[in-house]
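Trainee: Sequence and predicted structure are below.
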Amino acid sequence: LGRHRDDRRQSGFTYNGVEFSQSNLNIFAGLCAVDVPEHVDMMMKALEGHGEVCTRMGAYKPRTNPYSFQGHGKGCLPWVFEKAGKHGIKVIAMEITHESHIEEIDNCLEKLGRPTGVMLQVGTRNTQNFELLKAIGRQSTYPVLLKRGFGITLNESLNAAEYLASEGNANVIFCLRGMKTEAGQPHRNMVDFAHVPAVKRLTRMPVCVDPSHSVGSREQSPDGILDVMHATAQGVVAGANMVLVDFHPKPERALVDGPQALLMNELPAYLEDIRLCHDTW
Ligand code: PEP
């Protein structure tokens, strides 16, 4: 991925008609966790209305508390993928927490005639789950969104990307999502988007920012702008190539991370702000 000389080095890739590189920008707005078909449909329909072809949809949720909702798992895949096809969604970022999930996703997409594509997301808790990384690296059907580990060095997280590449899959996007600090205040994580240019300089990977899981709330500054929006702007101005962000039609009914979700009526201004920030490149 640019840190070690290797024939598999490359500077970007195209997946399901969508280009990912260090010089363009893709927005993945969507639900942190899939809940009910109505919400998935509302989200995808809104994205379609804005010409957006990517989204995020969590089916397998890694939760700190074992009694919290763990995601619908493979049961929701058929209707999520069908709805994505209906609304022209080409890539869904979907976290997996076990290698068996790759087969579940693949079987389901195959059965449906591949109405959409999936980017396999490795969450921050699994950045050093080496067996999972190796399993994901061994397949080359799906690109990978690798989250930075929240409590390890940047170098250690970049090595996780090398695990994927060394097994054969160099279609990797590296995602900054904030670092854990003792206090967890004022944001859930210390926003680390100043590292966007550093990762781009050190590697060839496109770099994603996740303002939702970095900030973790709908706190706003005195000017009325949400911290999630400020953080997004910082990331995009710094050169981010992808934005992964939580939206929800009814955050109060979201099963995971509702309090940090942006509202559907905030989508148009959010997309416009990103466009303006991107124009500063
Ligand atoms: C997520 O994006 O749904 C998520 C859980 O993120 P992270 O792994 O960064 O906490």
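Mentor: All right, it came through fine.
Trainee: Closest to the centroid, which residue in the chain?
Mentor: Note on the chain: the residue nearest the mean C-alpha position is Leu244, at 4.3 Å, using CA atoms, centre = their mean.
Trainee: That one belongs to a strand, doesn't it?
Mentor: Yes. Assessed by DSSP: H, G, I helix; E, B strand; the rest coil, Leu244 belongs to a strand.
Trainee: Look up the residues forming beta bridges with it.
Mentor: Counting by DSSP bridges, Leu244 forms beta bridges with Phe28.
Trainee: Next, work out how far apart the closest residue to the ligand within the chain and Val207 are.
Mentor: Nearest residue of the chain to the ligand: Gly123, at 3.1 Å (CB to the nearest ligand atom). In this view, the C-beta of every residue, glycine as well, is placed from N, C-alpha and C. Remark: distance between Gly123 and Val207 (CB to CB, to the nearest Å) = 17 Å.
Trainee: before we move on, what about Glu156?
Mentor: 17 Å.
Trainee: For these two, work out which one has more neighbours and name it.
Mentor: With neighbours defined as other CB atoms under 10 Å, Glu156 and Val207 compare such that Val207 has more, 24 against 13.
Trainee: Now the phi/psi pair for the closest residue to Val191 other than its chain neighbours, please.
Mentor: Nearest residue to Val191, sequence neighbours excluded (CB to CB, 6 or more residues apart in numbering): Ser214, at 4.6 Å. As for Ser214, its main-chain torsions (degrees, to the nearest 10) stand at phi -80, psi -50.
Trainee: for Ser214, what are its contacts?
Mentor: Ser214 sits next to Leu176, Arg177, Gly178, His187, Arg188, Asn189, Met190, Val191, Asp192, Phe193, Ala231 when contact means CB atoms under 8 Å, 6 or more residues apart in numbering.
Trainee: Run through the residues of the stretch 51-200 of the chain sitting next to the ligand.
Mentor: Applying CB under 6 Å from any ligand atom, we find that the stretch 51-200 of the chain lies next to the ligand at Gly58, Glu95, Gly123, Thr124, Lys147, Arg177.
Trainee: go again using 8 Å as the cut-off
Mentor: Contact residues, the stretch 51-200 of the chain versus the ligand (CB under 8 Å from any ligand atom): 56, 58, 61-62, 93, 95, 121, 123-126, 147-148, 150, 175, 177-178.
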